[in-house]
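> Predicted model and sequence follow; I will ask about them next.
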Amino acid sequence: MIALLLPNWIGGHTAYLAHGTQAAHIADLWWLMFWVCSAVFVAVMVALGVAITRPPRESGAPGAIPPERRARMSRVVAGAVGVTVLILFVLLFASVSTGRAIESLRTSKAITIRLTGHQWWWEVEYKDPVPARTVQTANEIHIPAGQPVRIELASADVIHSFWVPSLHGKRDLIPGHESAIWIQADRPGVYRGACAEFCGHQHAHMGLLVIADPPAQYAAWYAGQLQTPPPPANALLQHGRQVVESAPCAVCHNIQGTQASGRLGPDLTHLASRRTIAAATLPNTPGNLGGWIVDPQTIKPGNQMPANSLTSEDLEAVLAYLESLK
Amino acid sequence: MSIMRRARGLVFVSCAVAGLALAGCPREARKFHSLPADNVRPEPVRLVSLQPGEPRSKQAAGGPYEGNAWAINQGERLYEQYNCVGCHFHGGGGIGPPLMDEQWIYGGSGQNIHDTIVQGRPNGMPSYGGHVPDDQIWMITAYVRTLSGQVPKPERPTRSDELFPHPSEQAMPAKGEKTQKASHPG
């Protein structure tokens, strides 16, 4: 039991602590199966122990079982088979009803988020009929607490799998195949998710955060994401922006309102508002960001960000600029 | 008379000044002896194969990633992602020259292709030096050399689907389109 509950204390990445309706259904099913199977296991072990410790039968011809004893054995076996069938039907019913309950969560007017898996990060796009109101971000999904949210899943390269254990089960992201999943967080909080399908070298470092905000706070966050970052306020930030635009950064990354308009890497328009960098691998601090820019291959070997040799003045300016992108 | 004398004096003074000024001009240095060490040059990057006399030894054809299958695959990815396909297509050429034939306007060695990407070329090839890390340029170079079959087959990535004259056999038909067999033999 302690071993089962251990993940509760290490990072909150656990299916036992359900914070969404669907995860609660899944957890209920899990505990039902756990206790039923535990009871069956104990019963089988007890029967085995009894059979082993029982004194041997009186000698007689091998295979000669008295008729009344044979009848009792038949009744026991038939009873055990009956109980097994009953248990299996109970589990079948529980499984089907859990599946139905999970799938019933959907509304007509929900926020739609398009999540695209890349090796090894998550591209996030908030869809909106008005193009100017779409929002691009990465590795962090904000959702309003208590509302169902539709997440469309796609992959840019290989099969990934979206899994936020506290909110829902897994759903694969398959190249060339569109799928969708509905999630709901019942209360505000930060829920860690991860890629749950082996997708290459840095599969283990492909995390994401789902941040459930109270609806008003979510609306404020969304309004902030729609803003183009203000122009650099001082010479240092100006220099940082100029370096970002001319260095290799701009070829892969997009920063709204600048010449950096690459689409290969995560969108950096509001980088400083995110909690982590490198797909929930490191906290978003200036030190980590600097180390990541200069030598990403030590932190996540094999990832697609190349090392950048910047002079210390340039790096300082770039960090100051990126930290200003709230 | 006094005017003549004064003029003569003026000429004398100006000549003297000019002479003094000229004396300050050093003679341009001429180097008659070139030491043997001055003539040792690293093998140049040749853009053409035409050479006077007997051709010198060919320079190493590839680059640092020649024969490295992983780097070649990375190069293929970058070739798509950095939009080389936008002009050169998948090697067949379109806006830019084809890369899958044996003609190279600016040389087909690894160093040539690398330099072409770094420096850019007239009539439309942009200069990517400094915008794309040099390491990645060498990966793209390694891939570009596979397009024209200059690399042994085991190292090459499979030919991309875009180059096939008909959809690959395992490709799913587009929605609403009936499956039909390729009409040409083979």
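Good, I have the coordinates. Numbering: from 1, shown residues only, chains lettered A, B, ... in the order given.
> Which residue does chain B have closest to chain A?
Taking C-beta to the nearest C-beta as the measure, chain B has B:Pro133 as its residue closest to chain A, at 4.2 Å. The way it works is simple: take the backbone N, C-alpha and C, and place the C-beta from them, glycine included.
> leaving aside the residues next to it on the chain, what's closest to the residue of chain A found nearest chain B?
Relative to chain B, the nearest point of chain A is A:Pro306 (4.2 Å; C-beta to the nearest C-beta). With C-beta to C-beta, 6 or more residues apart in numbering or on different chains as the criterion, A:Pro306 has its nearest non-adjacent residue at 4.2 Å, and that residue is B:Pro133.
> ok, back up a step: from what I see, the residue of chain A closest to chain B and B:Asp134 are in contact.
No - counting by C-beta atoms under 8 Å, A:Pro306 stays clear of B:Asp134, with 9.3 Å between them.
> mind pulling up the phi and psi values for A:Tyr126?
phi -90, psi 120 (degrees, to the nearest 10).
> I'd say it and A:Trp221 touch.
No - A:Tyr126 is beyond contact range of A:Trp221, at 10.5 Å (criterion: C-beta under 8 Å).
> Surely the residue of chain B closest to chain A is in contact with A:Gln304?
No - the pair B:Pro133 / A:Gln304 is not scored as a contact, 11.3 Å apart, by C-beta under 8 Å.
> For B:Asn112, see how far away the residue of chain B closest to chain A is.
19 Å (C-beta to C-beta, to the nearest Å).
> for the chain, what's the longest helix?
If you meant another chain, say so; for now it's chain A. helix A:67-103 (DSSP state H).
> if you could check chain B rather than the one you did, that'd help
helix B:2-23.
> Report all helices and strands that the helix or strand just after that helix contacts.
Downstream of helix B:2-23, the first helix or strand assigned by DSSP states H and E is helix B:69-81. Applying 3 or more C-beta pairs under 8 Å, 6 or more residues apart in numbering or on different chains; DSSP states H and E, one finds that helix B:69-81 contacts helix B:134-147.
> pull the CA atoms of stretch A:284-298 into CSV?
The C-alpha trace of stretch A:284-298 is given here as CSV (Å, rounded to 0.1, in the frame of the first residue of the first chain):
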residue,chain,number,x,y,z
ASN,A,284,12.2,28.7,-16.1
THR,A,285,15.0,30.7,-14.4
PRO,A,286,17.5,33.0,-16.1
GLY,A,287,20.3,30.6,-15.2
ASN,A,288,18.6,27.5,-16.6
LEU,A,289,17.6,29.5,-19.7
GLY,A,290,21.1,30.7,-20.3
GLY,A,291,22.5,27.1,-19.9
TRP,A,292,19.9,25.8,-22.2
ILE,A,293,20.6,28.4,-24.9
VAL,A,294,24.4,27.9,-24.8
ASP,A,295,24.5,24.1,-24.4
PRO,A,296,21.1,22.4,-24.8
GLN,A,297,22.6,19.0,-25.8
THR,A,298,24.0,18.5,-22.3
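> If you count neighbours, what's buried in it?
A:Asn284, A:Asn288, A:Leu289, A:Gly290, A:Trp292, A:Ile293, A:Pro296 (16 or more other C-beta atoms under 10 Å in any protein chain shown).
> Am I right that the first one is in contact with A:Arg274?
Yes - contact status for A:Asn284 versus A:Arg274: in contact at 5.6 Å, counting by C-beta under 8 Å.
> Can you name every helix or strand that the longest helix of chain A contacts?
helix A:21-53.
> Kindly provide the whole-number mean pLDDT of the helix it packs on.
Confidence for helix A:21-53, expressed as mean pLDDT, is 94.
> so that helix versus helix A:67-103, what angle?
170 degrees (axes from the mean of the first three to the mean of the last three C-alpha atoms, to 10 degrees).
> quick one: helix A:21-53 to chain centroid distance?
Relative to its chain's centre, helix A:21-53 lies at 28 Å (C-alpha atoms, centre = their mean, to the nearest Å).
> can I see the domain layout of chain A?
Domain ranges of chain A: A:2-53+A:68-103, A:111-214, A:235-323, per automatic domain parsing.
> circling back: count the residues that sit near the residue nearest to A:Pro306.
19 (other C-beta atoms under 10 Å in any protein chain shown).
> Let me see the contact set for B:Pro126.
Going by C-beta atoms under 8 Å, 6 or more residues apart in numbering or on different chains, B:Pro126 touches B:Gly120.
> make it 10 Å
The neighbours of B:Pro126, taking C-beta atoms under 10 Å, 6 or more residues apart in numbering or on different chains as the test, are B:Cys87, B:Ile117, B:Gly120.
> returning to that earlier point: and chain B, which of the buried residues of stretch A:284-298 contact it?
On the criterion C-beta under 10 Å from any C-beta of the partner chain, none of the entries of the buried residues of stretch A:284-298 sits beside chain B.
> nearest to A:Val158, of these?
Closest approach between the buried residues of stretch A:284-298 and A:Val158, by C-beta to C-beta: A:Pro296, at 20.0 Å.
> Can you tell me the closest non-neighbouring residue to the closest one?
A:Pro296's closest residue in space is A:Met305 (C-beta to C-beta, 6+ apart), at 4.2 Å.
> pretty sure that neighbour is in contact with A:Thr298, am I right?
No - judged on C-beta atoms under 10 Å, A:Met305 makes no contact with A:Thr298 at a distance of 11.4 Å.
> Show the contacting residues for the most centrally placed residue in chain B.
By C-alpha atoms, centre = their mean, chain B has its centre lying nearest to B:Thr116, at 2.6 Å. Neighbouring residues of B:Thr116 by C-beta under 10 Å, 6+ apart: B:Leu47, B:Trp104, B:Ile105, B:Tyr106, B:Gly107, B:Gly108, B:Met125, B:Ser127, B:Tyr128, B:Ile137, B:Thr141, B:Val144.
> No further queries at this time; thank you.
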